[in-house]
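# pasting the structure only:
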């Protein structure tokens, strides 16, 4: 569910008891935050659409790592204290992660730990975008984005979108009104749409259909990355083949 809500392969989440969590603005949230109730409450910024935090039914507060304060080099402050300690709900993954962290069917130490000998990292092809503003909007380390000309994309609902979608500026960042999921992005010139790989149709095993067609071909805006990605795909300072290759 989180993959679809935030349009990303995985999220860096930090969990607190609600008693340890304080807002920097005065409640109620209506002036600055919108919310969706989906197995708890998900809060998002009314100005830009970025996800801010979630309060779970288990009396926990979740904050997204992509929203944490950065240093002058764009790196997350106090990374040693904040870095992930486990991969949770790992059986629903879009890609394998080859590291030493434990992989769990549900929450860490509250579900079955998965037994995996060694994973082969199948890190994305099409494009994975590590651009800072997109990471903050989607609360993710990176997103799998698929780029189309505007003429190649058709909506399944009748336009205008106001009945089904919420729109945020800087082009059109389109979110579902019902659940808050990112749906697509239209550039300011109106010539190009971006669709997020996490929203694509899945097969019975939960795998993305036609993966060989839609899998990533490059990592773009790699200079602003949260994590290093060790694979053979090209890393670009901006868009692939239109910027410096790193």
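The structure has been received and is ready for your questions. This is a predicted model, so every value here is computed, not measured. Residues are numbered from 1 along each chain as shown.

# shaky segments in this structure?
Scanning the chain for pLDDT under 70 picks out the ranges 1-8, 38, 94-95, 116-141, 162-164, 166-171.

# Break down it into its helices, ranges please.
Counting by DSSP state H, the chain has helices at residues 2-6, 79-82, 132-138, 211-214.

# in its sheet, what does the longest strand anywhere in the chain sit against?
Taking DSSP state E as the criterion, the chain has its longest strand at strand 143-149. Sheet pairing for strand 143-149, assigned by DSSP bridges, gives strand 128-129 (antiparallel), strand 192-196 (antiparallel).

# Out of these, which one sits most buried?
Among these, ranked by average contacts under mean count of other CB atoms under 10 Å, first place goes to strand 128-129 (a mean of 26). (Glycine included, C-beta is placed from N, CA and C.)

# Now do the contacts for residue 41.
Each residue near residue 41 by CB atoms under 8 Å, 6 or more residues apart in numbering is listed here: 35, 54, 55.

# Would you mind measuring the gap between the ends of stretch 187-199?
19 Å (CA to CA, to the nearest Å).

# cool, and stretch 68-75?
End residues of stretch 68-75 are separated by 9 Å (CA to CA).

# got a winner among the contacts of residue 41 for most neighbours?
Within the contacts of residue 41, neighbour counts (other CB atoms under 10 Å) peak at residue 54, which reaches 24 neighbours.

# ok, and the closest non-adjacent residue to that one?
Of all residues not flanking residue 54 in the chain, residue 62 sits nearest, at 4.4 Å (CB to CB, 6 or more residues apart in numbering).

# Quick check: residue 17 touching residue 62?
No. The criterion here is CB atoms under 8 Å, and residue 17 misses it with residue 62 at 11.3 Å.

# Among those two, which residue is more densely surrounded?
More crowded of residue 17 and residue 62, by other CB under 10 Å: residue 62, with 19 against 10.

# who touches the more buried one in this structure?
Residue 62 neighbours (CB under 8 Å, 6+ apart): 13, 14, 15, 16, 53, 54, 55, 56.

# Apply 6 Å and report the result again.
Shown in contact with residue 62 (CB atoms under 6 Å, 6 or more residues apart in numbering): 13, 15, 54.

# can I get those residues in a markdown table with distance to residue 190?
Below are the contacts of residue 62 laid out as a markdown table (distance: CB to CB, whole Å):
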| residue | distance to residue 190 |
| --- | --- |
| 13 | 35 |
| 15 | 40 |
| 54 | 33 |
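
# Can you tell me which of these lies closest to residue 66?
residue 13 (9.9 Å; CB to CB).

# Let me know how buried that closest one is, in neighbour terms.
Residue 13 has 16 neighbours, counted by other CB under 10 Å.

# what pairs with the residue nearest to it when sequence neighbours are not counted across the strands?
Spatial nearest neighbour of residue 13, chain neighbours left out: residue 62 (5.0 Å); criterion: CB to CB, 6+ apart. Beta-bridge partners for residue 62, by DSSP bridges, are residue 15, residue 54.
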